[in-house]
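In: sequence plus the predicted model coming up.
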Amino acid sequence: MNKNKRLFIKLKFIAVIFFCIFVTSQIASVSFAADNSATLFNNGLKKVGGGAGYDNSLQLDQAENKLIQISGSVIQTLLSFLGVIFLILMVYAGFIWMTAKGDQQKVQKAKDILTNSLIGLIIVMAAYAISYFIISAIDTGIISFDSSTVTTQTSQ
């Protein structure tokens, strides 16, 4: 019983540390988001696009821009949380494997956890890529939402 209690306390301590790392990374990402580099980058793109002869007068209204920022931050937070879960699963599977002491059932359990967590990571990365593409397309005006239809901007 005493051994189980110590293990539970250690796991609780590790969970608190991971939670603190997760929270501080989110605070840091919010503070970095306040940087003005995105505006400078967009202004540079507008200058280059205008110099090349493209129409760069497309502006998003504040509500659309705010919606894009909120959805982007929600997706970033969820995917960061899933990344932390992936890391915890990898450490847990490694711990099971290292403490298996030749027990093939435990080794197989650890391999299954590793395989499933890698599949989950691939799914999370694909979800990030898809959401990044869609939000970027909406943000740049390639896709715009009218009252009842979705229109796409084509090159001329």
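Out: Yes, it's here.
In: quick one: low-confidence residue ranges for this structure.
Out: 1, 23-46, 48-50, 53-65, 68, 139, 141-156 (pLDDT under 70).
In: please enumerate the strands of it.
Out: Assigned by DSSP state E, the chain shows strands spanning 143-145, 150-152.
In: how deep is residue 136 tucked in, by neighbour count?
Out: 13 (other Cβ atoms under 10 Å). From N, CA and C alone the C-beta is placed, and that goes for glycine too.
In: show me this protein divided up by domain.
Out: Annotated domains of the chain cover 1-34, 62-156 [automatic domain parsing].
In: quick one: closest of those domains to residue 52.
Out: Among these, the nearest to residue 52 by Cβ to Cβ is domain 62-156 (12.3 Å).
In: can you put the domains of the chain in TSV and add distance to residue 47?
Out: Formatted as TSV, the domains of the chain follow (distance: least, Cβ to Cβ, whole Å):
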stretch	distance to residue 47
domain 1-34	24
domain 62-156	16
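In: pick the most buried one from the ones you listed.
Out: Ranked by mean neighbour count under mean count of other Cβ atoms under 10 Å, the domains of the chain are led by domain 62-156, which reaches a mean of 13.
In: I'd guessed residue 110 sits against residue 93; true?
Out: Yes: with contacts counted by Cβ atoms under 8 Å, residue 110 reaches residue 93, the gap being 4.6 Å.
In: contact partners for residue 86?
Out: Contacts for residue 86 (Cβ atoms under 8 Å, 6 or more residues apart in numbering) come out as 117, 120, 121, 124.
In: distance of it from residue 113?
Out: Applying Cβ to Cβ, to the nearest Å, the value for residue 86 to residue 113 is 11 Å.
In: could you do residue 70 as well?
Out: To residue 113, residue 70 is 34 Å away according to Cβ to Cβ.
In: now do the helices in the chain.
Out: Assigned by DSSP state H, the helices in the chain fall at 2-33, 37-51, 62-98, 104-140.
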